[in-house]
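Student: heads up, no residue letters with this:
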């Protein structure tokens, strides 16, 4: 389990020293990983989870649909993807 956490979750440092603080931070990281995996599957994205997490970390405070943020850095979206982008913000 520790090897998977170290390889897949982006935890650079623990912000607390208690057992509860460390467990909470790991669970938050696992939750984010799973949510990004669900978004990737639902939107049919071909980029890796790591690439999506990098893009999200750069565009965290922008009001940009995920597809547009991803395809700013990669190839243009397909017609199927364009129809899934909400027209209102």
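Tutor: Here it is on my side, so go on. In this text the structure is predicted, and so the values were computed from the model without any measurement.
Student: check which helices and strands the lengthiest helix in the chain sits against.
Tutor: Across the chain, the helix with the greatest residue count (assigned by DSSP state H) is helix 19-43. The contact analysis (3 or more C-beta pairs under 8 Å, 6 or more residues apart in numbering; DSSP states H and E) places helix 19-43 against helix 2-8, helix 49-58, helix 66-73. For every residue, glycine as well, the C-beta is placed using N, CA and C.
Student: please redo it, this time with the cut-off set to 6 Å
Tutor: helix 49-58 (3 or more C-beta pairs under 6 Å, 6 or more residues apart in numbering; DSSP states H and E).
Student: and the helix it packs on, what's buried?
Tutor: If you call a residue buried by 16 or more other C-beta atoms under 10 Å, then helix 49-58 has these buried ones: 52, 55.
Student: and the contacts of it?
Tutor: 36-37, 40, 69-70, 73 (C-beta atoms under 6 Å, 6 or more residues apart in numbering).
Student: by how many degrees do the longest helix of the chain and helix 49-58 diverge?
Tutor: Helix 19-43 and helix 49-58 are oriented at 110 degrees to each other (axes from the mean of the first three to the mean of the last three C-alpha atoms, to 10 degrees).
Student: any idea how far residue 53 lies from residue 21?
Tutor: 22 Å (C-beta to C-beta, to the nearest Å).
Student: between all of the contacts of helix 49-58, which two are separated the most?
Tutor: For the contacts of helix 49-58, the maximum inter-member distance is 18.7 Å, found between 37 and 73 (C-beta to C-beta).
Student: mean confidence score for the longest helix of the chain?
Tutor: Helix 19-43 carries an average pLDDT of 87.
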